[in-house]
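Student: Fold the following, please.
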Amino acid sequence: MTRTGLLALAAAGLVACGPSAEGELQQWMVSERNSIRPSVTPIEPPARFDPQAYVGETEQPPFDPEKLTSVLRGSLPPTLSNSALIEAELNRRKEPLEAYPLDTMVMVGSLMRQGQLVALVKVNDLLYQVRRGNYLGQNFGRVNSISETEVVLREIVQDGAGDWIERPAALQLQEEGTR
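Tutor: This next block holds a predicted model:
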């Protein structure tokens, strides 16, 4: 189509939208606007909050740092679970990898040393060799087993009641793209 044909088509379209078509459009919009009534359900008022007085002031709070300190120092009467699990851990020399949280460590590989599988663990761009029996992390984590794909260890942590319990943990081998 030529330019002249396009201009003629555009002019015909503008003529069709003359004053009478515009008036009909305005009337239709006014009638539609008047016929629509939105129905909005009112929001319920919020529930009343009644504050309660704290009555546990005489008890020791469960997350009190003094409670943890006193357990570590042994000033609380030791229970079987407290003394059996934590006493040996507190009396031994700390290993270098216990200075870092477990989630900052990455297992990058393994190798055989003197017939024993050794894991290669990376922390802060330094590579460490980890053997069965070594300690990792800040929760007294001791390595129980090493495979080609993971290091399995047990950690000793406090539960909500303040007792020391064992929990399993693991470091998985990280692929090149996930480091």
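Student: Can you get me a residue count around the closest residue to K94 other than its chain neighbours?
Tutor: Excluding the flanking residues, the one nearest K94 by C-beta to C-beta, 6 or more residues apart in numbering is Y135, at 7.5 Å. For every residue, glycine as well, the C-beta is placed using N, CA and C. Other residues within reach of Y135, judged by other C-beta atoms under 10 Å, total 21.
Student: Okay, and the beta partners of Y135?
Tutor: Judged by DSSP bridges, the bridge partners of Y135 are R142.
Student: Got phi/psi on the most centrally placed residue in the chain?
Tutor: For the chain, the residue nearest the mean C-alpha position is D103 (11.6 Å; C-alpha atoms, centre = their mean). Dihedral pair for D103: phi -80, psi -10, per degrees, to the nearest 10.
Student: Now for it: which residues touch it?
Tutor: By C-beta atoms under 8 Å, 6 or more residues apart in numbering, the contact list for D103 is empty.
Student: Model confidence for it, exactly?
Tutor: Note on D103: pLDDT of 90.
Student: ok, the residue lying closest to E98 once chain neighbours are set aside to P96 distance?
Tutor: In space, and not counting its chain neighbours, E98 is closest to Y135: 5.2 Å by C-beta to C-beta, 6+ apart. Distance of Y135 to P96, given as C-beta to C-beta, to the nearest Å: 9 Å.
Student: What of G115?
Tutor: According to C-beta to C-beta, G115 and P96 sit 24 Å apart.
Student: Of those two, which one has the most company?
Tutor: In this view G115 and P96 are compared by other C-beta under 10 Å, and P96 has more residues nearby, 12 against 5.
Student: isn't the more buried one right up against Y128?
Tutor: Yes - with contact defined as C-beta atoms under 8 Å, P96 reaches Y128; the gap is 7.4 Å.
Student: What are the phi and psi values at E95?
Tutor: Here E95 shows phi and psi, under degrees, to the nearest 10, equal to phi -100, psi 160.
Student: next one: L90
Tutor: Dihedral pair for L90: phi -80, psi -20, per degrees, to the nearest 10.
Student: ditto for the one 4 residues further on
Tutor: For K94, the backbone dihedrals (degrees, to the nearest 10) come out as phi -70, psi 150.
Student: same thing with R154?
Tutor: Main-chain dihedrals, R154, degrees, to the nearest 10: phi -120, psi 140.
Student: Heading C-terminal from the lowest-mean-pLDDT helix or strand in the chain, find the next helix or strand.
Tutor: Averaged element by element with mean pLDDT, DSSP states H and E, the chain has its least confident helix or strand at helix 3-16 (a mean of 60). Downstream of helix 3-16, the next assigned helix or strand under DSSP states H and E is helix 19-35.
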